[in-house]
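[1] let's see this in three dimensions:
(one chain, ligands or ions: 1)
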Amino acid sequence: MLYKTTLSIAHTSVILLSLITAISCFELHLPQKVSHIVDSLQYTCGQFLQKQQIFALYNKQNFTEIVNQNIKGIEERVLSELLEERLENESQNDYYTANSQNWPIDLDQYSESFVIRITSEDEFIKYLIFKEAKALHISIWEQSVGLIDLKVDRDQMHRLLYNVESRILERRTRSVDSPVSEYKVQLMIGDLPQRIYETYPSTKVTSLQALGEFPSFQNLSNAFFEDFRTLETIYDWFEEIQKEFPKLVSINWIGQTYEGRDLKALHVRGKHSGNKTVVVTGGMHAREWISVTSACYAVHKLLQNYADGHHKEAKYLDKLDFLFVPVLNPDGYEYSFNEDRLWRKNRQETYMPRCFGIDIDHSFDYHFVKSEDLPCGEEYSGESPFESIESEVWNNFLNRTKEEHKIYGYIDLHSYSQTVLYPYAYSCEILPRDEENLIELGYGIARAIRKSTGKKYQVLKACEDRDADLLPDLGGGTALDYMYHNRAYWAFQIKLRDSGNHGFLLPKKFIYPVGTEVYASIQYFCSFVLNLEG
Ligand SMILES: [Zn+2]
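    Numbers count the residues shown, from 1 in each chain. This is a model prediction of the structure:
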């Protein structure tokens with residue numbers, strides 16, 4: 001009897017529960033077909049929070065509407081900010097008022113483009129954005145922890161947001177447990193032509209002589225650092241600095257680029273030869289002009305301080321040699337001056353006609369990964385290691401000068417995001433030797449920068465910055481890993497200013513402050529390794 005009652009209670013509960021369930025289902029007015037889909041997805045009525053999305057999947061038309069609805073607000077906001085920025089500039093700024101004959105390059109090529117920053121803590125979303133951006137041939141300006149900056153036009157932005165939003169919706173429909181993914185889209189640069197225009201020197205100067213006559217090297221250099229300079233002007237300045245400091249400076253010829261330009265280094269050394277060498281490279285990516293000026297500025301400051309009798313520099317040049325390569329990608333750099341300010345790679349031919357350039361920073365042999373990018377892509381690594389002429393001649397140079405340059409430290413300058421990166425870039429699973437010291441040194445560099453100008457740089461493992469474990473081809477074949485593994489005892493990549501107002505398009509007023517930061521980094525670096533030596 002007792003058994004029967006229990007059963008009956010249980011039975012009643014089931015009926016009651018079904019009734020409640022039936023009512024709630026009824027209240028949702030789900031058509032039968034949708035209910036069927038719901039069942040097949042093993043949804044229970046209690047989880048009908050996803051109702052809208054299930055409808056959407058069931059009815060493609062509706063799905064499109066929901067996605068469009070979700071991205072409409074983002075698009076409207078970004079585009080209205082963009083319009084506002086352009087209207088404001090139109091009345092007062094030179095890109096609009098100057099005769100297009102006087103433009104340094106064709107600026108109309110950027111008139112449809114703008115730059116957006118998408119931030120998200122969700123790895124899935126970041127991965128999604130990255131993949132969709134690649135599929136849509138969108139130029140990725142920067143991708144670091146929690147953010148990705150993209151140069152887009154209206155159509156690309158719409159398609160990107162549509163695809164990303166669709167995938168997010170699908171994922172949430174498939175699994176109710178999937179987290180609610182959030183991402184934020186901000187306009188970073190609305191008026192790209194104007195910003196690009198502002199980075200070019202106000203008067204076109206193709207040689208150092210054209211800057212004018214100066215009473216001293218110091219005056220000449222002051223004028224030199226007032227603006228971004230063409231390759232020829234920079235190489236002229238190499239000659240001048242060598243003339244000014246003949247006992248300390250020699251110009252090393254590294255090799256020739258694809259287009260036949262010289263790749264040159266400034267070799268700075270004190271009284272003793274055969275010292276340990278600190279290598280500083282800049283301009284590996286053509287559009288990162290601030291890395292070029294900063295490398296030059298560091299040479300200048302090192303020599304000037306030494307000549308002025310500073311104690312620190314006397315010690316550095318007594319114990320260390322320096323090899324500065326301010327423009328590691330001369331062809332790309334010239335191309336960014338004369339054709340496309342936003343060019344990144346070198347300029348050599350690839351197996352695809354009309355697709356030029358290899359990303360030098362993916363072209364080294366240490367954990368080289370053939371990138372997913374085709375030759376037209378901005379991160380195309382080439383088909384095999386050292387296919388980029390510049391990485392090949394650099395490697396040859398280091399081999400043939402092994403005795404002369406005993407490489408000890410390496411700093412590779414890039415932009416942007418204000419980050420100090422230590423090895424490895426290719427994977428986070430392998431720990432670098434001496435990781436503790438690398439971290440200490442990295443934080444020391446960041447601190448030295450903060451002391452010099454007040455700017456905050458973060459310190460990261462390069463693989464984290466590049467999301468190398470998620471996207472392996474992004475971390476493969478870097479100069480950082482190659483130098484660290486094969487050549488240098490200590491190695492860093494520093495991504496210079498800024499953190500996202502100008503991106504690659506820093507105006508010339510930043511040349512001095514960022515140069516100061518780079519020189520503070522080098523000072524700290526040298527002091528650290530010399531102290532370690534005792
Ligand atoms: Zn770079």
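[2] helices of the stretch 101-250 of the chain, start to end?
    Secondary structure of the stretch 101-250 of the chain (DSSP state H, counting those that start in this stretch): helices at 123-135, 154-174, 192-199, 217-224, 231-244.
[3] put the alpha carbons of the last one into PDB.
    Looking back up the chat, that one is helix 231-244. Taking Å, rounded to 0.1, in the frame of the first residue of the first chain, the C-alpha atoms of helix 231-244 are listed here in PDB:
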ATOM      1  CA  LEU A 231      66.500  56.000 -47.000                       C
ATOM      2  CA  GLU A 232      69.000  58.100 -49.000                       C
ATOM      3  CA  THR A 233      68.900  60.900 -46.300                       C
ATOM      4  CA  ILE A 234      69.400  58.300 -43.600                       C
ATOM      5  CA  TYR A 235      72.400  56.800 -45.400                       C
ATOM      6  CA  ASP A 236      73.800  60.300 -45.900                       C
ATOM      7  CA  TRP A 237      73.500  60.800 -42.200                       C
ATOM      8  CA  PHE A 238      75.400  57.500 -41.700                       C
ATOM      9  CA  GLU A 239      78.300  59.000 -43.600                       C
ATOM     10  CA  GLU A 240      78.200  62.200 -41.600                       C
ATOM     11  CA  ILE A 241      78.200  60.400 -38.200                       C
ATOM     12  CA  GLN A 242      81.100  58.400 -39.400                       C
ATOM     13  CA  LYS A 243      83.000  61.500 -40.300                       C
ATOM     14  CA  GLU A 244      82.100  63.100 -37.000                       C
END
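[4] what count of nearby residues applies to the residue in the stretch 1-150 of the chain that the ion sits nearest to?
    Using Cβ to the ion, the closest approach of the stretch 1-150 of the chain to the ion is made by E142 at 9.3 Å. All C-beta spots, glycine's among them, are computed from the backbone N, C-alpha and C. The burial count assigned to E142 is 21, neighbours taken as other Cβ atoms under 10 Å.
[5] do the same with E387
    Neighbourhood size, E387 [other Cβ under 10 Å]: 18.
[6] any idea how far the ion is from it?
    Distance of E387 to the ion, given as Cβ to the ion, to the nearest Å: 18 Å.
[7] ok, that residue - contacts?
    Counting by Cβ atoms under 8 Å, 6 or more residues apart in numbering, E387 makes contact with 358, 363.
[8] in what helix or strand does it lie?
    Using DSSP states H and E, E387 sits within no helix or strand.
[9] turn the helices of the stretch 101-250 of the chain into JSON lines, columns for mean neighbour count, mean pLDDT and distance to the ion.
    Shown next, in JSON lines, are the helices of the stretch 101-250 of the chain (neighbours: other Cβ atoms under 10 Å; pLDDT from 0 to 100; distance: least, Cβ to the ion, whole Å):
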{"stretch": "helix 123-135", "mean neighbour count": "18", "mean pLDDT": "91", "distance to the ion": "17"}
{"stretch": "helix 154-174", "mean neighbour count": "18", "mean pLDDT": "89", "distance to the ion": "22"}
{"stretch": "helix 192-199", "mean neighbour count": "22", "mean pLDDT": "95", "distance to the ion": "16"}
{"stretch": "helix 217-224", "mean neighbour count": "17", "mean pLDDT": "95", "distance to the ion": "23"}
{"stretch": "helix 231-244", "mean neighbour count": "18", "mean pLDDT": "97", "distance to the ion": "18"}
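[10] now these as JSON lines including distance to E182?
    Formatted as JSON lines, those follow (distance: least, Cβ to Cβ, whole Å):
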{"stretch": "helix 123-135", "distance to E182": "8"}
{"stretch": "helix 154-174", "distance to E182": "10"}
{"stretch": "helix 192-199", "distance to E182": "27"}
{"stretch": "helix 217-224", "distance to E182": "47"}
{"stretch": "helix 231-244", "distance to E182": "45"}
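[11] hmm, D122 is touching R171, no?
    No - using Cβ atoms under 8 Å, D122 is not in contact with R171; the gap is 10.6 Å.
[12] if we can go back for a sec, and the residue of the stretch 1-150 of the chain closest to the ion, what are its bridge partners?
    Counting by DSSP bridges, E142 forms beta bridges with D149.
[13] centroid-nearest residue for the protein?
    Geometric centre of the chain, nearest residue: E142, 3.7 Å, by Cα atoms, centre = their mean.
[14] quick one, what contacts that one?
    Neighbour list for E142: 148-149, 416-417, 500, 503 [criterion: Cβ under 8 Å, 6+ apart].
[15] where along the stretch 351-500 of the chain do the strands fall?
    All strands of the stretch 351-500 of the chain, identified by DSSP state E, counting those that start in this stretch, fall at 406-415, 419-422, 458-461, 490-496.
[16] ok, C296 touching L303?
    No - the criterion here is Cβ under 8 Å, and C296 misses it with L303 at 11.2 Å.
[17] neighbour count winner among those two?
    Set C296 next to L303 and count neighbours by other Cβ under 10 Å: C296 wins out with 27 against 22.
[18] tell me if I am right that the more buried one is in a helix.
    Yes - per DSSP: H, G, I helix; E, B strand; the rest coil, C296 lies within a helix segment.
[19] ok, and the closest non-adjacent residue to it?
    Nearest residue to C296, sequence neighbours excluded (Cβ to Cβ, 6 or more residues apart in numbering): P326, at 4.9 Å.
[20] which residues touch the one you found?
    234, 266, 281-283, 292, 295-296, 299 are the contacts of P326 under Cβ under 8 Å, 6+ apart.
[21] so which of those residues is the most crowded?
    Counting neighbours by other Cβ under 10 Å, G282 leads the contacts of P326 with 31 neighbours.
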